[in-house]
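J.: return a 3D structure for these sequence lines:
(2 chains)
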There are 2 protein chains.
Amino acid sequence: MQTHDIDYRDETVNLRGYLAFDEKIAERRPGVLVFHEGLGLGDFAMARARMLAELGYVALAADMFGERRQARNLQEVAKLVGDLRNQPETLRARGRAALTTLAALPQVDVHRMAAIGFCFGGSVVLELARDGADLKAVVSFHGALATTIPAVSGKVKASVLVCTGADDPLAPPEQVKAFEDEMRAAHARDWQVISYGNTLHGFTNPAADGSMTRAARYSAQADRRAWASMRSLFDEVFVDEVFGT
Amino acid sequence: MQTHDIDYRDETVNLRGYLAFDEKIAERRPGVLVFHEGLGLGDFAMARARMLAELGYVALAADMFGERRQARNLQEVAKLVGDLRNQPETLRARGRAALTTLAALPQVDVHRMAAIGFCFGGSVVLELARDGADLKAVVSFHGALATTIPAVSGKVKASVLVCTGADDPLAPPEQVKAFEDEMRAAHARDWQVISYGNTLHGFTNPAADGSMTRAARYSAQADRRAWASMRSLFDEVFVDEVFGT
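T.: Now for the predicted structure:
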């Protein structure tokens, strides 16, 4: 497997992503964006990119904060995430910059791209779906589901999968309901929400041990289930394709 | 594969179930109950029993109405289902009678049993879970989620999977929310709810073409997804077991 940093830009900042792919595959293959949690692009999202590369995809872990900035504590998370949340068009543009970068890679089949995201990154992939990005699928793992720019009818192209903890205080039941109502109103072509009982925020990340915030807690079971559901969705949307052979 | 009718009783009526299993498997293996929709035990539930047998399980399609009664129209469905719903203890006892019958089969490993149900049958498997039945898992496919005897704390042993259409008028969002609240309050050990967008009642049944009720409509996609999620859950709860080899 090859992994290396990859520099790109949006209008305002330098972004430093992380690319992972199997260089032994000759054909163009599906590309998957990975959007990091509120701490910034670090080990966790990079490991997910490598897991995707092992599955035969080209994986680009995006940098949403610029210069691969990392938050060191919850205050910095709130600042970095808040700045983007308050400027949803900037957030979307930055997500699109990653998509453009992915699509330009010689290994990637531009007709078969998807995006996944964790926590903050989950909300990014939903924003890309609302924005009508050219993605076959988006998967949000314990992402916030609210938006200030709700999807408009007919704009969402991607198959949308939301994997959420039933006890996640950052995506409470009212927010899940509002999201479902938004998808209905927008006539989103294909969406599903999986709610895992006894599950908090951050359930995919083994580092979520309750020390930084009691809202987040790793769940091996929910992590495994959500990843398997993502894989099933990818198998569906990238179907009739042979790659990695 | 062997299939044959199997007669059993509860306190009040003769029940005529339908058994399917692979007779070439020598070992005891997991047993799965299949609970029929409001029309009664017919082709649909029997076909699911055979699909389970092909997966290596012993499948018993239960008869909840007695003498394998069939409803010919929605009025008869309402009568047959209503009679049982109004007597939840009778409904539960009748479900338990099927479980006792399954557990007594020489092919079945009594430590590895599960129950699935469709429409009305979905509500039956949830009643069995609330009742503390000795099941590793229950799966409701577009079942009604409401109950008159909510689960009490600590009683639910089974892993619970609810697969529901986001537009199912028989399981509207308020009912889904109430169910999730019930599971939380009961400290159910393991539960998940999957909500499929653009999906009505009866999504697993190709015969649901809108002619009998506009509330029900087959969805090949939701059907495939829900069945795959059931299989994943069975793989989890029956884990560390070798059978069918």
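J.: element containing residue A:51?
T.: helix A:43-54 (DSSP states H and E).
J.: now do residue A:18
T.: With elements taken from DSSP H and E, the one containing residue A:18 is strand A:14-21.
J.: about what we covered before: how about the helix holding residue A:51: buried residues?
T.: Within helix A:43-54, the residues that qualify as buried are A:44-46, A:48-50, A:52-53, counting by 16 or more other CB atoms under 10 Å in any protein chain shown. All C-beta atoms are positioned from the backbone trio N, CA, C, and that covers glycine.
J.: same deal with stretch A:196-210?
T.: Result for stretch A:196-210 [16+ other CB under 10 Å]: buried residues A:196-205, A:208.
J.: again with stretch A:17-31
T.: Buried, per 16+ other CB under 10 Å, within stretch A:17-31: A:17-22, A:25, A:28-31.
J.: of those, which is the nearest to chain B?
T.: Closest approach between the buried residues of stretch A:17-31 and chain B, by CB to the nearest CB: residue A:30, at 19.4 Å.
J.: same for the lengthiest helix in chain A, what does it pack against?
T.: Counting residues, the longest helix found in chain A (DSSP state H) is helix A:220-237. Contacts defined by 3 or more CB pairs under 8 Å, 6 or more residues apart in numbering or on different chains; DSSP states H and E place helix A:220-237 against strand A:108-118, strand A:137-141, strand A:159-165, strand A:191-196, helix B:220-237.
J.: packing partners of the helix or strand following the first one?
T.: It stands for strand A:108-118. For strand A:108-118, the succeeding helix or strand toward the C-terminus, using DSSP H and E, is helix A:120-130. On a contact count with 3+ CB pairs under 8 Å, 6+ apart, helix A:120-130 meets strand A:29-35, helix A:74-85, helix A:88-103, strand A:108-118, strand A:137-141, strand A:159-165.
J.: out of those, flag the one nearest chain B.
T.: That would be strand A:159-165 among those, by CB to the nearest CB, at 7.7 Å.
J.: who's in contact with that closest one?
T.: Contact partners of strand A:159-165, identified using CB atoms under 8 Å, 6 or more residues apart in numbering or on different chains, comprise A:122, A:126, A:129, A:136-143, A:145, A:171, A:176, A:179, A:183, A:188-196, A:199-201, A:203, A:219, A:222, A:225-226, A:229-230, A:233, A:236-237, B:197.
J.: output the contacting helices and strands for whichever strand or helix holds residue A:60.
T.: Using DSSP H and E, residue A:60 sits within strand A:58-61. Packing partners of strand A:58-61 (3+ CB pairs under 8 Å, 6+ apart): strand A:14-21, strand A:29-35, helix A:43-54, helix A:88-103.
J.: export the helices and strands packed on helix A:120-130 as TSV, with columns for mean pLDDT.
T.: Below are these laid out as TSV (pLDDT from 0 to 100):
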stretch	mean pLDDT
strand A:29-35	98
helix A:74-85	95
helix A:88-103	97
strand A:108-118	98
strand A:137-141	98
strand A:159-165	98
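J.: figure out which of the ones you listed is closest to residue A:6.
T.: helix A:88-103 (6.7 Å; CB to CB).
J.: what packs against the closest one?
T.: Here helix A:88-103 touches strand A:2-9, strand A:14-21, strand A:29-35, strand A:58-61, helix A:74-85, strand A:108-118, helix A:120-130, going by 3+ CB pairs under 8 Å, 6+ apart.
J.: pull the residues that contact the second one.
T.: Meaning strand A:14-21. Residues from elsewhere that reach strand A:14-21 (CB under 8 Å, 6+ apart): A:1-9, A:41, A:45-46, A:49-50, A:52-53, A:57-64, A:66-68, A:94, A:97-98, A:101, A:105, A:107.
J.: can you do 7 Å?
T.: With CB atoms under 7 Å, 6 or more residues apart in numbering or on different chains as the test, strand A:14-21 has contacts from A:1-9, A:41, A:46, A:49-50, A:52-53, A:58-63, A:66-68, A:97-98, A:101, A:107.
J.: can I have the buried ones of those as a ChimeraX selection?
T.: Buried residues within the contacts of strand A:14-21, by 16+ other CB under 10 Å, are selected in ChimeraX with:
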select /A:6,8,41,46,49,50,52,53,58,59,60,61,62,63,66,68,97,98,101,107
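J.: which residues sit against the helix or strand bottoming out on mean pLDDT in chain A?
T.: Here the helix or strand of chain A ranked lowest by mean pLDDT, DSSP states H and E is helix A:74-85, holding a mean of 95. Residues outside helix A:74-85 that contact it (CB under 7 Å, 6+ apart): A:38-39, A:64-65, A:69, A:71, A:90-91, A:120, A:212-213.
J.: any stretches of chain A with poor pLDDT?
T.: A:240-245 (pLDDT under 70).
J.: returning to what we had before: check the buried residues of stretch A:196-210 and tell me the two furthest apart.
T.: By the measure CB to CB, A:197 and A:205 form the most distant pair in these, at 18.9 Å.
J.: what angle separates the least confident helix or strand of chain A from helix A:88-103?
T.: Orientation check (axes from the mean of the first three to the mean of the last three CA atoms, to 10 degrees): helix A:74-85 against helix A:88-103 gives 90 degrees.
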